[in-house]
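Asker: mind folding the following:
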Amino acid sequence: MASSNDRPEILDTLAAGISRLTNSAEWKSWLDVQRRFHRYSFGNTLLIAMQRPDATQVAGFHAWLGMSRHVRKGEKGIAIIAPVVSRVRVKDEETGTESVITGSPKAFRVAHVFDVSQTDGADLPEAPVTMLQGQDPDGLYTKLRGVAKSLGFTVDEDYLDGDKNGYCDYTQRHIRIEVRNEPRQQLKTLAHELAHAILHESRDGLTRERAELEAESVAYMVCADLGVDSSDYTFGYVATWAGGGDEAITALKASAQRIQRAAAEILGLLGAGDATGGSETAVAA
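Answerer: Numbers count the residues shown, from 1 in each chain. Predicted coordinates for the structure are as follows:
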């Protein structure tokens with residue numbers, strides 16, 4: 001089996017695919033909507049989670065109207081803390097143009113936002129991430145379970161919360177894979193979680209965004225070496241976490257050695273005689 005360390009062109013293919021995606025009308029439409037959602041402070045994030053744990057995208061009443069959606073009658077808002085700032089309108093005497101100068105917060109007030117599930121209206125564009133469909137060729141998922149075992153991790157299939165496809169618990173040395181996904185998606189997800197197991201138990205200041213980019217890039221390289229095309233999912237996933245085409249390509253270059261090393265380790269263990277997973281049985285919870 002060829003080592004991904006000997007095939008840097010796979011990363012070039014990933015970068016080219018992300019570049020094409022992030023220049024597409026679909027991506028730009030999704031990005032335009034995402035920019036309308038504010039980034040909330042840590043405190044407000046906690047407030048949102050306490051009041052509505054299943055919230056995914058929140059915005060104010062008028063912000064939703066600006067996205068051609070309306071809050072349903074009777075829905076209860078999610079209380080957050082908003083700054084009260086002074087605004088001064090200034091007119092340039094020479095050009096006649098006006099601008100608004102915003103001062104520092106002088107006080108705070110309670111404001112209310114609503115989750116997308118509390119609204120009706122036009123569909124929001126979805127991130128261009130397509131779940132993989134189809135069967136797992138050659139029982140590769142079972143073999144990757146053997147790789148996990150050789151790394152000291154157990155693997156179970158389970159019903160995961162929200163839109164999670166997989167989860168790596170470093171403390172318990174346990175990987176969980178969404179049981180309802182298609183076999184090919186489960187295969188790709190397990191490769192992703194194995195990358196986390198190898199690279200990210202100690203992040204050493206690495207951001208979550210960079211960790212997700214690295215893990216998904218490793219999964220792409222492993223799948224490519226195994227003859228499985230994960231581009232429909234991977235291109236959009238990496239671009240979403242990295243922030244766009246140029247950012248993703250820069251991050252890929254910065255992490256290239258780490259990505260290639262982890263992919264080579266997984267493939268090396270996969271080719272070893274004891275990485276067959278033959279004694280393990282998949283458990284569907």
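
Asker: mind listing what residue 47 touches?
Answerer: Residues in contact with residue 47 (C-beta atoms under 8 Å, 6 or more residues apart in numbering) are 78, 79, 80, 81. All C-beta spots, glycine's among them, are computed from the backbone N, C-alpha and C.

Asker: look up how far residue 53 lies from it.
Answerer: Distance from residue 47 to residue 53, counting by C-beta to C-beta, to the nearest Å: 12 Å.

Asker: please state the offset of stretch 145-161 from the chain centre?
Answerer: Centre-to-centre, stretch 145-161 and its host chain are 20 Å apart (C-alpha atoms, centre = their mean, to the nearest Å).

Asker: ok, now stretch 204-213?
Answerer: Put simply, stretch 204-213 sits 11 Å off its chain's centre (C-alpha atoms, centre = their mean).

Asker: any low-confidence regions in the stretch 1-150 of the chain?
Answerer: Residue ranges of the stretch 1-150 of the chain with pLDDT under 70: 1-8, 27, 30-37, 85-94, 96, 98-106, 125-127.

Asker: would you map the strands across it?
Answerer: Assigned by DSSP state E, counting those that start in this stretch, the strands in the stretch 1-150 of the chain fall at 58-59, 69-71, 78-91, 98-115, 119-121.

Asker: where along this structure do the helices fall?
Answerer: Listed in chain order, the helices of the chain (DSSP state H) span 9-21, 25-34, 42-51, 61-66, 140-150, 183-199, 208-225, 231-242, 245-271.

Asker: closest to residue 114 out of those?
Answerer: Nearest of those to residue 114, taken as C-beta to C-beta: helix 61-66 at 6.5 Å.

Asker: which strands or helices does that closest one pack on?
Answerer: For helix 61-66, the packing partners by 3 or more C-beta pairs under 8 Å, 6 or more residues apart in numbering; DSSP states H and E come out as strand 69-71, strand 98-115.

Asker: direction included, what does the shortest one pair up with?
Answerer: Put plainly, it is strand 69-71. Here strand 69-71 is paired, per DSSP bridges, with strand 119-121 (antiparallel).

Asker: with adjacent residues omitted, what lies nearest to residue 122?
Answerer: Closest residue in space to residue 122, ignoring its immediate chain neighbours: residue 68 at 3.9 Å, by C-beta to C-beta, 6 or more residues apart in numbering.

Asker: would you quantify the distance from the one you found to residue 119?
Answerer: According to C-beta to C-beta, residue 68 stands 10 Å off from residue 119.

Asker: and for residue 177?
Answerer: Applying C-beta to C-beta to residue 177 and residue 119 gives a distance of 32 Å.

Asker: looking at the two, which is more packed in?
Answerer: Using other C-beta atoms under 10 Å, the more surrounded residue of residue 177 and residue 119 is residue 177, with 26 against 20.
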